[in-house]
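Visitor: Here's my sequence, what's the structure:
(chains A and B)
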Amino acid sequence: MARIGVFVCWCGENIARTVDVAQVAEQAARIPGVRCSLHYKYMCSDPGQAMVREKIAGERLTGVVVASCSPHMHLKTFRRAAAAAGLNPYLVELANIREQCSWVHHDRAAATAKALDIIRMTVEKCKRNHALEPIRVPVTRRALVIGGGVAGIQAALDIADAGYEVVLVEKEPSIGGKMAGLSETFPTLDCSQCILTPRMVEAGQHPRIKLHTYSEVESVDGFVGNFTVTIRNKARYVDIDKCTGCGECWNVCPWKKIPSEFDYGTGFRRAIYIPFPQAVPARPVIDKNHCVKLLKGACGLCAKKCPRDAIRFDDTDRIVEERVGAIVVATGYSLYSIGKEQADPKYRGYGEYGYGAFKDVIDGLQFERLVSASGPTAGELKRPSDGKTPKSVVFISCVGSRDNAKGISYCSKICCMYIAKHTMLYRHKVHDGEAHVFYMDIRAGGKSYDEFVRRAIEQDGAKYHRGRVSKIVEQDGKLIVRGADTLSGTPLTIEADMVVLATAMRPAPGIESLAQKLNIGYDEHGFLLESHPKLRPVETNTAGVFICGAAHGPKDIPESVAQASAAASKVAVLFANQELSREPEIAYINEQTCAACYACYRACPYHAIEKVQLKHKRAARVNPGLCMGCGTCVAVCPSKSADIEGFTEQQIYSMVEALA
Amino acid sequence: MAIGYYPGCALHGSSNDYEQSVRACLKVLGAELKELDDWICCGATAAHSLNEKLSVALPARNLALAERDGLDELLAPCPMCSMELMKAAKEIAADNRLRDEMASIVELPVTGRTKILNLIQLLERFDLKPSKPLDGIIAACYYGCLLTRPAGIVNFDDPEAPSSMETIVARLGAKTVSWNYRTECCGAGKTLCDEDTVLELSHKILTDARRHGANCLVVACPMCHVNLDMKQAAAGRRYGVDHDLPVYYLSDLVGMAMGLAPEELGVDRHFVVRLHHG
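Guide: Next comes the predicted model:
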């Protein structure tokens, strides 16, 4: 026979104002199986919890129903109290008579009756509970970081410095990401490569960091603490253990005019190349789409010249497997391309700016390369069309961003700052040049950010015009930029030598398929979704997978680094224990009645169902490491073989019956 | 194939050369035009600048007539007409209350389901195999304001960097140039009240087309044709140049490439006539 204790909380005035708690407690005492029923002003307070503990011991209770607030609020509190009194915590239930009753009703008599109904239902559920133990899962204390930009490097170094091994996967031939290509950084104008390359070297040489460059994640299996990841090492055609990075090969390669990805097409590279001199690892790759040896069997000069015999024309992609306990996604961003090549018509637009048609209309990252000391012009600003120094440059903000008609509703956040930086860099290089900026708003929230923009305007003489540009045309070697100055209410035409477009930030290509492999969410734009926008900003809804950097949304360097460290600390917290403890309220399948139809296997959003071969039959089985207890399998199972611990169908029926 | 045809006021008045061209061109392509019975003015600039409701009601009447006569598609060669009809159809289809109100104003049920086509959209459908390819023609294709805009209403081609007209003209064997004024305004109806503005705009358009090596302009709008062809001499006089740039309707080029004589298309009735062909 059940011996249930009911504890009705006033929640100060919150419940007691609308619900007659004394009457509820008195009537609850008459429910069959209820041993005692009390009410108290603050049941969650120390004296309230003491009451619960005393009654558990004194009345030898087999279950506890606390009629109070939402289980999100205090279920854990009362479970701890019960455990302290020697009762299995999973025998405690919360009847929510606050959010679902007192807060949403005015009629005291009706609310009191409803509160009693809620308690009656919960008592019936409580009677059918049984003791459960938390699930323990072993943890592989080794992390995977996907993406080797500044966020990924920071996360990898932090995790490695905490004492755990890290596998760092980067799809390009070198780590460094977008930041490695930037000239100088706001708001201090310190050289981007100077601050990043030491970190790259540190990551490359760290004894606990294993680099997989020129590699991509193929598939992810498993669950928190126990992931198995397969990684494709793309064929490099160079043996990176033999190679010393001496450079003989790329100096001799005759194919010189291949647009460099690292320079965003503003410079050239060879068919065998390292993306930039400070690359980590400083080992070349052969571009199989341009190398004539690989395409036609001719040439092979690099192999003849290599003193270490490190060229491997017969190299192939390799698939490697890594076992890790946690994953950090730091795949970064790409720029909205306003050329005609947009695959998704949703993102097409700004044909009036002539990007792609006019050589001197470039985007922000291309400008970074043109003013970077390591860029194709060695830091001397020359425009792409004829190599002349531009005497007038127009910078246009919000190209794509904040424009629903172009499919992008959000603010890209970093552009206001980097435009101000660009105007400064330009004026520092071309003293008699004019820098014009067309802007919608200036968003310079951040430490020393607004001061930086003021400096661009007041000290470096950038001319800011509030308004949009409607059209750019080319005439006699000049770009005629027609726009509006909405503060003075006049149309404005500027004859420019070069135009720089601050195009919107978008997630890196392929993010959706990676997110699907990891079973994590992404928004309509492809940016990865955090578990909670305020309180769980680097967690995802899949346990053990964390996110940081611009893959999560537009972000500048300081913010990406801070978020990367946050993700790393979450990984360190996870790894602090040898094993994980998870709530036991998950699905289970009665393998004897299971007909192996696998409807659950297909329906499970967490891929938690496994197909198993028993002695005489096949069946479905729940992986307790993956199951989140959502109940989808219970709903789809035609043979009623699936059920949820602590929330069985029997419990739900009995709750419904209690109302009848 | 039979298609509904809404000529609009211009094609029955000042620009009846355009109607002659459209009719002749589509006839040779094998398309049969069914002119909308009892059509009325679309309202054009006058209606939408004076009275919002009137600017929906006037096209709504025409849409209702098309629905009554079972015409699923309606060709409106004037881009002002086609835009006003598209706009009204879109608004009526999206708003049940407006639909009921319009039905009572125009005294006919109207749902906005009719698909409106401008001339380019219709010509794109044909597999154009020219019997007399237009070699020698170097065309500057001119879209003006309304053929591709407003983007959300017209929903056709890239509104700011269109290419559909060039695609058609290239299929006729002619060359096209890339130039700067393809989607600029010619001044349109200002030609009646502010000729100075129109002459300045026309002059800029004609000059830029010439500068980029075109030997003719191609338009698909009666108003553009007026300002660039009829006013060409005035613009030239004012700026002291002789533009000497014939202005063809898109249907003229298609018709000539299909073997029609320029006179059959009304090309001889243009103000600047310098035949490249025929």
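Visitor: alpha carbons only for contacts and neighbour counts from here, please
Guide: Noted.
Visitor: What's opposite the residue most central in space within chain A in the beta bridge?
Guide: In chain A, the C-alpha closest to the average C-alpha coordinate belongs to A:Ile547, at a distance of 3.4 Å (C-alpha atoms, centre = their mean). The partner list for A:Ile547 in beta bridges (DSSP bridges) reads A:Val329.
Visitor: is it true that it touches A:Gly332?
Guide: No - A:Ile547 lies out of contact with A:Gly332 (C-alpha atoms under 8 Å); the separation is 10.1 Å.
Visitor: How about the residue in the stretch 51-200 of chain A positioned nearest to chain B: what's its closest non-neighbour residue?
Guide: Closest to chain B within the stretch 51-200 of chain A is A:Lys178: 30.2 Å, counting by C-alpha to the nearest C-alpha. Distances taken as C-alpha to C-alpha, 6 or more residues apart in numbering or on different chains put A:Gly149 closest to A:Lys178, at 6.5 Å, once the chain neighbours are dropped.
Visitor: Tell me the pLDDT of A:Cys101.
Guide: Looking at A:Cys101, its pLDDT is 97.
Visitor: Any idea how many residues pack against it?
Guide: By other C-alpha atoms under 10 Å in any protein chain shown, the residues close to A:Cys101 number 22.
Visitor: got the residues of the stretch 51-200 of chain B near chain A?
Guide: When proximity is defined as C-alpha under 8 Å from any C-alpha of the partner chain, the stretch 51-200 of chain B approaches chain A at B:Asp158, B:Pro159, B:Glu160, B:Ala161, B:Asn180.
Visitor: Adding neighbour count and secondary structure, write the residues you listed out as CSV.
Guide: Below are these laid out as CSV (neighbours: other C-alpha atoms under 10 Å in any protein chain shown; DSSP: H, G, I helix; E, B strand; the rest coil):
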residue, neighbour count, secondary structure
B:Asp158, 18, coil
B:Pro159, 23, coil
B:Glu160, 22, coil
B:Ala161, 19, coil
B:Asn180, 22, coil
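Visitor: quick one: B:Asn51 from B:Thr45, how far?
Guide: 10 Å (C-alpha to C-alpha, to the nearest Å).
Visitor: same deal with A:Val167?
Guide: 65 Å.
Visitor: Those two: which is more packed in?
Guide: A:Val167 (20 against 14).
Visitor: May I have the beta-bridge partners of the more buried one?
Guide: With DSSP bridges as the rule, A:Val167 is bridged to A:Leu144, A:Lys210.
Visitor: got a list of what it touches?
Guide: A:Arg142, A:Ala143, A:Leu144, A:Val145, A:Ala156, A:Ile209, A:Lys210, A:Leu211, A:His212 (C-alpha atoms under 8 Å, 6 or more residues apart in numbering or on different chains).
Visitor: repeat that for 6 Å
Guide: Taking C-alpha atoms under 6 Å, 6 or more residues apart in numbering or on different chains as the contact definition, A:Val167 lies against A:Leu144, A:Ile209, A:Lys210.
Visitor: do A:Arg35 as well
Guide: A:Arg35 touches A:Arg3, A:Ile4, A:Gly5, counting by C-alpha under 6 Å, 6+ apart.
Visitor: burial measure for residue 56, as a count.
Guide: By default, I'm working from chain A. 25.
Visitor: Please refer instead to chain B.
Guide: 23.
Visitor: ditto for A:Gly149
Guide: 26.
Visitor: And stretch B:206-223, what's buried?
Guide: For stretch B:206-223, the neighbour count (16 or more other C-alpha atoms under 10 Å in any protein chain shown) marks B:206-210, B:214-223 as buried.
Visitor: whoops, I mixed them up, stretch A:598-611
Guide: Neighbour count says stretch A:598-611 has A:Tyr598, A:Ala599, A:Cys600, A:Tyr601, A:Ala603, A:Cys604, A:Tyr606, A:His607, A:Ala608, A:Ile609 buried, by 16+ other C-alpha under 10 Å.
Visitor: thinking the residue nearest to the centre of chain A is in contact with A:Val538, fair?
Guide: Yes - contact criterion C-alpha atoms under 6 Å: A:Ile547 and A:Val538 qualify, at 5.1 Å.
Visitor: Ramachandran angles for the residue lying closest to A:Leu75 once chain neighbours are set aside?
Guide: Distances taken as C-alpha to C-alpha, 6+ apart put A:Leu94 closest to A:Leu75, at 6.3 Å, once the chain neighbours are dropped. Here is the backbone geometry of A:Leu94 (degrees, to the nearest 10): phi -110, psi 130.
Visitor: check contacts around A:Leu94.
Guide: A:Val65, A:Val66, A:Ala67, A:Pro71.
Visitor: from the residues you listed, which is closest to B:His270?
Guide: A:Pro71 (81.6 Å; C-alpha to C-alpha).
Visitor: so what's the closest residue to that closest one other than its chain neighbours bridging to?
Guide: Excluding the flanking residues, the one nearest A:Pro71 by C-alpha to C-alpha, 6+ apart is A:Leu94, at 5.8 Å. Legend: beta-bridge partners of A:Leu94 under DSSP bridges are A:Val66.
Visitor: Now do the strands in the stretch 1-150 of chain A.
Guide: When assigned using DSSP state E, counting those that start in this stretch, the strands of the stretch 1-150 of chain A occupy the ranges A:4-9, A:34-40, A:63-68, A:92-96, A:135-138, A:142-146.
Visitor: Find out how far the second one is from the centre of the chain, if you would.
Guide: So the one you mean is strand A:34-40. Offset of strand A:34-40 from its chain centre (C-alpha atoms, centre = their mean, to the nearest Å): 47 Å.
Visitor: quick one: average pLDDT of that strand?
Guide: Here the average pLDDT along strand A:34-40 is 96.
Visitor: follow-up on the earlier one: could you export the buried residues of stretch A:598-611 as JSON lines, including secondary structure?
Guide: As requested, those are exported to JSON lines (DSSP: H, G, I helix; E, B strand; the rest coil):
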{"residue": "A:Tyr598", "secondary structure": "coil"}
{"residue": "A:Ala599", "secondary structure": "helix"}
{"residue": "A:Cys600", "secondary structure": "helix"}
{"residue": "A:Tyr601", "secondary structure": "helix"}
{"residue": "A:Ala603", "secondary structure": "helix"}
{"residue": "A:Cys604", "secondary structure": "coil"}
{"residue": "A:Tyr606", "secondary structure": "coil"}
{"residue": "A:His607", "secondary structure": "coil"}
{"residue": "A:Ala608", "secondary structure": "coil"}
{"residue": "A:Ile609", "secondary structure": "strand"}
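Visitor: if we can go back for a sec, scan the contacts of A:Val167 and report the most crowded one.
Guide: Result: A:Leu144 is most packed of those (other C-alpha under 10 Å), 27 neighbours.
Visitor: Return the residues in contact with the nearest residue to A:Glu530 once chain neighbours are set aside.
Guide: With C-alpha to C-alpha, 6+ apart as the criterion, A:Glu530 has its nearest non-adjacent residue at 4.9 Å, and that residue is A:Thr540. Neighbouring residues of A:Thr540 by C-alpha under 6 Å, 6+ apart: A:Glu530, A:Ser531, A:Phe546.
Visitor: Buried ones only from those, please, as a ChimeraX command.
Guide: Selecting only the buried entries of the contacts of A:Thr540 in ChimeraX, with 16+ other C-alpha under 10 Å as the criterion:
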select /A:530,531,546
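Visitor: can you give me the strands for chain B?
Guide: Taking DSSP state E, the strands of chain B run over residues B:2-5, B:32-35, B:73-75, B:115-117, B:138-141, B:175-176, B:216-219, B:247-249.
Visitor: same question, the stretch 201-350 of chain A
Guide: So, for the stretch 201-350 of chain A - with DSSP E, counting those that start in this stretch - the strands run A:209-212, A:215-223, A:226-233, A:258-259, A:268-269, A:272-273, A:285-286, A:318-324, A:326-329, A:333-335.
Visitor: quick one: strands adjacent to the fifth one?
Guide: Same thing as strand A:268-269. Strand A:268-269 is paired, per DSSP bridges, with strand A:258-259 (antiparallel).
Visitor: now the last one
Guide: Take DSSP bridges as the rule and strand A:333-335 pairs in its sheet with strand A:505-507 (antiparallel).
Visitor: Tell me the first helix or strand C-terminal of the partner strand.
Guide: Counting by DSSP states H and E, the next helix or strand C-terminal to strand A:505-507 is helix A:511-518.
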